[in-house]
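Peer 1: Can you look at this prediction? I've put the sequence above it.
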Amino acid sequence: MNEMSDTMTEPSPTSSIDAADSALMRREAGEIEPARAARVKSLVKKITEAEAYWDKTFKRIDGDIKFAANLRGEQWDGDTDKYVANLALRHVKDRTAALYAKNPRVRAKRKKRMDFAVWDEKPETLQAAITNMQTAAQMGVPDPNAEATAMMFADIQQALATREMVERVGKTMEILYHYYLDSSTPRFKTQMKGAVRRAIQGGIAWVEMGYQRQFEKTPETIERINDVTERLSRIEALTADIADEKIETDSADAETLRQTLAALQAENDILVEEGLVHTFPSHRDIVLDPRTRQITGFVGTRWLARRYLLTPNQIKEIYKVDLGTQFTAYKAESRAEVAGSETNPTTEESLARVYVSFDKPTGTASVVCEGYPDYLKEPGPPAARMKRFFNLFPIMFNEVEAADPGADIYPQSDVRIIMPQQREHNRSREALRQHRIANQPFYLNLGAKLDDEDLKVIGARVPHAIHTLKVSMVPGMKAEDIIAPMKSVPIDTNLYETNPIFEDIQRTTGSQQANFGGTSGDSATEVSVAAGSNVATLSSAVDDLEETLTELARAGGEVMLLEIAPETAQRIAGPGAAWPEMSREDMADQVYLEIVAGSNGRPNREQDIANLERMIPVIIQVPGFNPAWVARKMAEAIDEGVDLTEALLDGLPSIISMNAASKAAAAPAGTGNDSNPNDPAPKGAPEAQGDQGANNAPAPPGVAPGGQPAFPAPMSGM
């Protein structure tokens, strides 16, 4: 994605300003055809009404996120002085770590096809043809089936060549996809882990896939691109404003233009980014069709919109449109919401609501702005073309299907599920805290006339302090006759027991008490059984996440095949990369990307190695087995970053074979006895025991080796 272009020579700031083309910027909307204006108005109305339809759901999601964070005492309705043990946040952290620990690995997979038009793909047919051909050659007679055999061989060669080409293209796709994941800023892992966290906190998170082209600025890349694209867009907008006399030549904006151009002139190389772009919009930024029945797969969704909050200057840079005062201005009060109060549209703090609308029936995408009477971007094909049309991918772990047409299709979050237990735990601990405060020592004045100073000193006494009372004490009067402690109510711990709360948490979310800290008398067996029961819940969540990542990878492969040029693929993947120049859509029908199962979770190397140790002794006995595959799999189980191409050299025998060959060359036949070298070697001699020499000898008596460690518990550590 980081492409170094040739050195760019920019004109001087003064000449650029003078030669600016005012046609770059579209100013006031002017006269618009009534049908066009009505279409834009109805589109904006449809989207804003859908926003209002989902507003109640969005507020619920906002409440769940705030409840887990508890930054302003949301778990006590705003009271920040009460007891809180944030079990919800701990559950979110534990579940996030279990579901997404690292970037997933993708692999290209060739779709099953019947590539052979002549050969029936039966080995016996091929062997019979070879035998007939050899027999005819030995007998010196022509093969009656020579033409059919030649056609079959040509068919096999062509199909194998096609398969090899598809495999190479798939390998190139793997390298490109990993490259774009690793090159994203911020890092893909950081953002994806945050998306998983939001899905646990709020019930849903979104991933958006786009394609960034050279020198093209889009709303998705405002905070992501760190190259010349944003600066060039800024230069174009300022240049057009100066040309149209919207900005004075001696203003601060004009000086900004001069400084930006001077900085570009000082750079030898210009960094240009092109390739896949992943963004992670919030739940409020995605407006679904109210007729949607199921979010997964967008069942019933005819359209959806992506919302952006942009300043007028950003709209100038992206869409080359000057809104002027023809837009509904908002003032941002928080990062997630926009207040509905009108502000001065000319201020830099003003925000406009820009919607990118995707219409599935027409297969088009358009850009509109609330309050602006025309399109910011005409309807046309989406920037990222893919078979599924919508470029959004939801992440959900508690999805349920809506039974009623008007039911809420957004799933509950784990925080919402655990919320009653969290509140009850806080109430129990707060009641215990208040009981302890109430049981602090309290003294009663038994009738003696103590002045205010005595009462004040007794009430706020210092440890080990001595105080002289001013009250007159008659003979026989004791201090206990003047002041006596008040008897308190003993604390009954059973009234504040929290174990039932953790039992409910385990039954609803799968997280047991041991996940939140120490247990209360649970045995190791009970904890192990509870952990095993949690595996099914985690397995389902992991499967849902892997399915989303696989959908993302498949769509990414389709976009790359359609958009990336062969020279770009070779620059990133290497000179040996294979990339189709023609019929890219046909290639997309033959190969696709998928996520390696379990590659995004915590690695369980012990279980992987144990599986290989049990499997290898059996499969190495298969004729024609490739031992290099064993070495590669063992190395990957130990460390995925190992590259065996640095250690393997095709054609060389194994170390055991070389050792056996060296022994055979060094020792003569028989025992090596000088008197008679042909005597047979005695039993047990290394040269009489095969290629492995003394390794075949019986092992000396000793302690038998211990058994292999048992399989670790499935998904242990999650």
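Peer 2: Thanks, I have the structure now.

Peer 1: can you confirm G210 is in a helix?
Peer 2: No - read with DSSP: H, G, I helix; E, B strand; the rest coil, G210 is strand and lies in no helix.

Peer 1: quick one: contacts for Y592?
Peer 2: For Y592, the contacting residues are 108-109, 111, 554, 557-558, by C-beta atoms under 8 Å, 6 or more residues apart in numbering. In this view, the C-beta of every residue, glycine as well, is placed from N, C-alpha and C.

Peer 1: Longest strand in this protein, by number of residues?
Peer 2: Ordering each strand of the chain by length in residues (DSSP state E) puts strand 350-359 first.

Peer 1: For the closest residue to N445 other than its chain neighbours, give me phi and psi.
Peer 2: Leaving aside its sequence neighbours, N445 sits nearest to I483 (C-beta to C-beta, 6 or more residues apart in numbering; 6.2 Å). I483 has phi and psi values of phi -130, psi 130 when expressed as degrees, to the nearest 10.

Peer 1: Might one say that I483 is in contact with P441?
Peer 2: No - assessed by C-beta atoms under 8 Å, I483 is found out of contact with P441, at 11.0 Å.

Peer 1: Next one: the residue lying closest to I609 once chain neighbours are set aside, what pLDDT does it get?
Peer 2: Leaving out its chain neighbours, the residue that sits closest to I609 by C-beta to C-beta, 6+ apart is A637, at 5.0 Å. If you check A637, the pLDDT there is 73.

Peer 1: just the one 4 residues further on next, same as before
Peer 2: pLDDT for G641: 61.

Peer 1: Now the element after the longest strand of the chain, going C-ward?
Peer 2: As assigned by DSSP states H and E, the chain's next helix or strand after strand 350-359 is strand 364-369.

Peer 1: now for that following strand, which elements pack on it?
Peer 2: Other helices and strands packing on strand 364-369, by 3 or more C-beta pairs under 8 Å, 6 or more residues apart in numbering; DSSP states H and E, are helix 34-69, strand 350-359, strand 377-380.

Peer 1: Now tabulate these in JSON lines and tack on mean neighbour count.
Peer 2: Formatted as JSON lines, those follow (neighbours: other C-beta atoms under 10 Å):
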{"stretch": "helix 34-69", "mean neighbour count": "16"}
{"stretch": "strand 350-359", "mean neighbour count": "22"}
{"stretch": "strand 377-380", "mean neighbour count": "13"}
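
Peer 1: can I get the ones you listed in a markdown table with mean pLDDT?
Peer 2: Shown next, in a markdown table, are those (pLDDT from 0 to 100):
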| stretch | mean pLDDT |
| --- | --- |
| helix 34-69 | 93 |
| strand 350-359 | 92 |
| strand 377-380 | 92 |
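
Peer 1: Export those as JSON lines, with columns for distance to P475.
Peer 2: Formatted as JSON lines, the helices and strands packed on strand 364-369 follow (distance: least, C-beta to C-beta, whole Å):
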{"stretch": "helix 34-69", "distance to P475": "65"}
{"stretch": "strand 350-359", "distance to P475": "84"}
{"stretch": "strand 377-380", "distance to P475": "101"}
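
Peer 1: quick one, which of the ones you listed is nearest to V84?
Peer 2: Nearest of the helices and strands packed on strand 364-369 to V84, taken as C-beta to C-beta: helix 34-69 at 10.9 Å.

Peer 1: average pLDDT across whichever helix or strand comes after the closest one?
Peer 2: Counting by DSSP H and E, the element after helix 34-69 in chain order, helix or strand, is helix 87-99. Helix 87-99 comes out with an average pLDDT of 89.

Peer 1: Could you tell me the angle between helix 87-99 and helix 34-69?
Peer 2: Interaxial angle, helix 87-99 versus helix 34-69 (axes from the mean of the first three to the mean of the last three C-alpha atoms, to 10 degrees): 110 degrees.

Peer 1: What is helix 87-99 packed up against?
Peer 2: Using 3+ C-beta pairs under 8 Å, 6+ apart as the test, helix 87-99 ends up in contact with helix 34-69, helix 188-202, helix 414-438, helix 499-509, helix 524-563.

Peer 1: and if we set it to 6 Å?
Peer 2: In terms of contacts (3 or more C-beta pairs under 6 Å, 6 or more residues apart in numbering; DSSP states H and E), helix 87-99 is packed against helix 34-69, helix 188-202, helix 414-438, helix 524-563.

Peer 1: Switch the ones you listed over to a markdown table; also include distance to A129.
Peer 2: Formatted as a markdown table, the helices and strands packed on helix 87-99 follow (distance: least, C-beta to C-beta, whole Å):
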| stretch | distance to A129 |
| --- | --- |
| helix 34-69 | 65 |
| helix 188-202 | 51 |
| helix 414-438 | 62 |
| helix 524-563 | 37 |
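
Peer 1: helix/strand/coil for R307?
Peer 2: R307 ends up strand, using three-state DSSP.

Peer 1: wait, it sits on D285?
Peer 2: Yes - R307 lies in contact with D285 (C-beta atoms under 6 Å); the separation is 4.8 Å.

Peer 1: neighbour-wise, which of those two wins?
Peer 2: Higher neighbour count among R307 and D285: R307, with 20 against 17, using other C-beta atoms under 10 Å.

Peer 1: Per-residue pLDDT of the more buried one, please?
Peer 2: 94.

Peer 1: Is it bridged to anything, and to what?
Peer 2: Counting by DSSP bridges, R307 is bridged to Y355.

Peer 1: I'd like to know which of the helices and strands packed on helix 87-99 is closest to P381.
Peer 2: When the helices and strands packed on helix 87-99 are ranked by proximity to P381 (C-beta to C-beta), helix 524-563 comes first, at 10.9 Å.

Peer 1: State whether L444 is indeed within a helix.
Peer 2: No - looking at L444 with three-state DSSP, it is strand, so not inside a helix.

Peer 1: Just name whatever secondary elements the longest strand of the chain is in contact with.
Peer 2: If you count contacts as 3+ C-beta pairs under 6 Å, 6+ apart, strand 350-359 packs onto strand 303-310, strand 329-332, strand 364-369.

Peer 1: and G78, which of the ones you listed is closest to it?
Peer 2: strand 329-332 (22.9 Å).

Peer 1: Show me what counts as buried in the closest one.
Peer 2: By 16 or more other C-beta atoms under 10 Å, the buried positions in strand 329-332 come out as 329-330.

Peer 1: What strands flank it, and is each parallel or antiparallel?
Peer 2: The strands beside strand 329-332 in its sheet (DSSP bridges) come out as strand 338-339 (antiparallel), strand 350-359 (antiparallel).

Peer 1: okay but T149 is in contact with A129, surely?
Peer 2: Yes - between T149 and A129 there is a contact under C-beta under 6 Å: 4.7 Å.

Peer 1: among the helices and strands packed on helix 87-99, which is nearest Y211?
Peer 2: Of the helices and strands packed on helix 87-99, nearest to Y211 by C-beta to C-beta is helix 524-563, at 5.2 Å.

Peer 1: After the closest one, which helix or strand is next? Please name it.
Peer 2: Next element after helix 524-563 (DSSP H and E): helix 566-573.

Peer 1: mean confidence score for that next one?
Peer 2: For helix 566-573, the mean pLDDT works out to 88.

Peer 1: which strands and helices sit next to that helix?
Peer 2: helix 146-183.

Peer 1: The helix it packs on vs helix 566-573, what angle?
Peer 2: Helix 146-183 and helix 566-573 meet at an angle of 70 degrees, taking the same axes, to 10 degrees as the criterion.
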